[in-house]
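Student: Show me how the following folds:
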Amino acid sequence: MSDYGKDRPADDTPYERMRYYIREIGQGPKACRDLTREEARDGMEMILRQEVTRAQMGGFLLVQRFKGESPEELLGFADAIRAHARQIEPRVDGLLDIGSPYDGRKRSLVVSPAASIVACAAGVPVVMHGEKEMGPKHGVPVGDVLEALGVDVDAEPEGVRRSIEEEGFGYMRSARFIPDLYALKEVREEIALRSNIHTIEKLYNLAGASYSLIGLTHLPYMEKMLEAVKQMGFRRIMIVQGIEGNEDAPTSRPCRVFEWAGGDMQEYRLNPKDYDLVPASQEEMAGGDAAYNARVCVAVLEGEPGPHRDLVCLNAGLRLYLAERCADIGEGITMARAAIDSGAARSKLEALRKHAPRPSGQARTTV
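Tutor: Below you'll find the model as predicted:
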C-alpha cells in the first residue's frame, strides 16, 4: 500500500486513529506497511496518555512486535516517550549511558553494576537506568543490585543530576523519570511479550550522554536498533551480544561487538583470550538474587582475585575504551585493575552510599 492516507478515518478521535494504525500494520506480510515516524509517535502518544482502550494498547504493541519495527517507527516511539520524560543535563564531560534490559536476567550473574562502578572510579561518569519487577522475564535488574549495594535507586531527577555531577554516577528509575510510561506496567504485563518499549528503554538517552553501551539478543534486530540509537544524540555507540543478550561481555567465549562513531559501523569478535583473563565457568556465572550479585560485586571491589574479578575488569575496560579514556580494550582492563587495586573502586561505592537515604529495616551488602 503506497497511499498512506487512503483509508484514514474521517472521525479523527484517538479511538479511530488507533484502529486505523492497527489495520495498517496488521494486515499480514504482503498488505501491511510501516508507519511513518509521525504516525508512530502519534500511536505511542495515545498509549502514554491512555486515550485508547487497553485492548487497542495491547493490540498495537503486539502487532508491531510481529511485524517488526522499522527504524522510523522506533524513532517515532522514542520521540513520544522522550517528550513525556523528565530529562536532565548533568554538567560532566563524556557521560556513558548503560542500556541494560529493564526486565533483568535470570540465569547469569549481573556484572554491569560492578563494571560500571569500577569504570566510574577510573574516570568515566556513568548513568544507569531501569525499573523494578518488569516482565516478561522478571529477572534481576541492575537497579536491584545497586539497591542491595546501598546505592540510591529512587531519586528524583534533580538528585540524579547532582549525584552524576558530584560522584560521577547516577541511576534513573523509570517511575521517577517517565511516570506516564511506568503507568503502563500492567498493560505490558498482560501482553506477556517484549514490545518496542523494551527497546526504546535501552536507548532513549534521558541524561544527554555522549556514549551508549547496549546489549543485543537477536542479530537481525541490530541494524534497526542502530539506526534509531544513532539519532539519540550519542557520539559513540557500542552494541554487545553479551551474556543473555545483555551488555556484559563473557570471559568464557568470544562475543560480537558493533561500534559506531559517526561513520561506518565496525563489527568484530571480542575474544577474552587476547587479554590473559581467567574464564568464568558455568557455575561461576550462575545467577542469584540481587543480594548474591551484590556480594560478588563487593568481593571484587575488595580485591578478591579470580574469575569474577576478571569478568568485571573486562567489562569495565570496555566502558573505558568506549568512553575514549584509553586507546584500546587492553589498556582499559589495566586501568580497571588499577582502580580496584588502589581502593578507588571501593571508595567510589562508599561515596555513593553516602548519597543514598537509608530506610529503616533495609538490608544492604556491606563492604
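Student: Please make it C-alpha for all contacts and neighbour counts, starting now.
Tutor: OK.
Student: What are the neighbouring residues in contact with S100?
Tutor: Listed by CA atoms under 8 Å, 6 or more residues apart in numbering, the contact partners of S100 are M128, H129, G130, P141, V142, K202, I214, G215, N246, E247.
Student: Please apply the same query to P141.
Tutor: Residues in contact with P141 (CA under 8 Å, 6+ apart) are S100, P101, Y102, D103, G104, R105, V110, G130, E131, K132.
Student: I'd like those residues as CSV, with distance to R86, pLDDT and secondary structure appended.
Tutor: Putting the contacts of P141 into CSV (distance: CA to CA, whole Å; pLDDT from 0 to 100; DSSP: H, G, I helix; E, B strand; the rest coil) gives the following:
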residue, distance to R86, pLDDT, secondary structure
S100, 19, 94, coil
P101, 20, 93, coil
Y102, 18, 95, coil
D103, 21, 94, coil
G104, 23, 93, coil
R105, 27, 90, strand
V110, 27, 97, coil
G130, 14, 97, strand
E131, 15, 98, coil
K132, 19, 96, coil
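Student: and stretch 144-163, how far apart are its ends?
Tutor: Start-to-end span of stretch 144-163 (CA to CA, to the nearest Å) is 18 Å.
Student: buried sites along it?
Tutor: Buried residues in stretch 144-163, counting neighbours by 16 or more other CA atoms under 10 Å, are found at 144-155, 157, 159-163.
Student: Report the distance from stretch 256-270 to the chain centre.
Tutor: Chain-centre distance of stretch 256-270: 18 Å, with CA atoms, centre = their mean, to the nearest Å.
Student: Likewise for stretch 178-187?
Tutor: Put simply, stretch 178-187 sits 17 Å off its chain's centre (CA atoms, centre = their mean).
Student: Where is the longest helix in this protein?
Tutor: In the chain, assigned by DSSP state H, the helix with the most residues is helix 307-322.
Student: Low-confidence ranges, the stretch 251-367 of the chain, go.
Tutor: Within the stretch 251-367 of the chain, the segments meeting pLDDT under 70 span 358-367.
Student: The same query, at a cut-off of 80, please.
Tutor: Scanning the stretch 251-367 of the chain with the threshold set as pLDDT under 80 gives 355-367.
Student: what's the longest helix of the chain packed up against?
Tutor: Based on contacts counted as 3 or more CA pairs under 8 Å, 6 or more residues apart in numbering; DSSP states H and E, the elements that helix 307-322 packs against are helix 112-121, strand 211-215, strand 236-240, helix 290-301, helix 329-341.
Student: Contacts made by the first one with the rest, please.
Tutor: It stands for helix 112-121. Contacts of helix 112-121 (CA under 8 Å, 6+ apart): 126, 142, 145-146, 168-169, 247-248, 297, 300-301, 312-313, 315-317, 319-320, 336, 339-340, 344-345, 348-349.
Student: where along the stretch 151-300 of the chain do the strands fall?
Tutor: Listed in chain order, the strands found in the stretch 151-300 of the chain under DSSP state E, counting those that start in this stretch are 169-173, 211-215, 236-240, 255-260, 266-270.
Student: how far does the strand or helix carrying E16 sit from the chain's center?
Tutor: Here E16, judged by DSSP states H and E, is contained in helix 14-25. How far helix 14-25 lies from its chain's middle: 30 Å, per CA atoms, centre = their mean.
Student: Flag every buried residue along that helix.
Tutor: Applying a neighbour-count criterion of 16+ other CA under 10 Å, one finds P14, R17, M18, R19, Y20, Y21, I22, R23, E24, I25 buried in helix 14-25.
Student: From those residues, pick the one nearest H84.
Tutor: The shortest approach to H84 among the buried residues of helix 14-25 belongs to P14, at 17.7 Å (CA to CA).
Student: Does that closest one touch Q50 like I think?
Tutor: No - contact criterion CA atoms under 8 Å: P14 and Q50 do not qualify, at 9.6 Å.
Student: Ignoring the adjacent residues along the chain, who's closest to H355?
Tutor: Nearest in space to H355, with sequence neighbours left out and distances taken as CA to CA, 6 or more residues apart in numbering, is D152 at 7.0 Å.
Student: Okay, that neighbour and A294: tell me how far apart.
Tutor: D152 sits 14 Å away from A294, going by CA to CA.
Student: cool, and N196?
Tutor: Separation of N196 from A294 (CA to CA): 30 Å.
Student: and what of V124?
Tutor: Applying CA to CA to V124 and A294 gives a distance of 21 Å.
Student: What of A80?
Tutor: As judged by CA to CA, A80 and A294 stand 35 Å apart.
Student: Looking at those two, which has the bigger crowd around it?
Tutor: With neighbours defined as other CA atoms under 10 Å, A80 and A294 compare such that A294 has more, 27 against 20.
Student: Now do the same contact list for the more buried one.
Tutor: Residues near A294 by CA under 8 Å, 6+ apart: V145, L146, A148, L149, T365.
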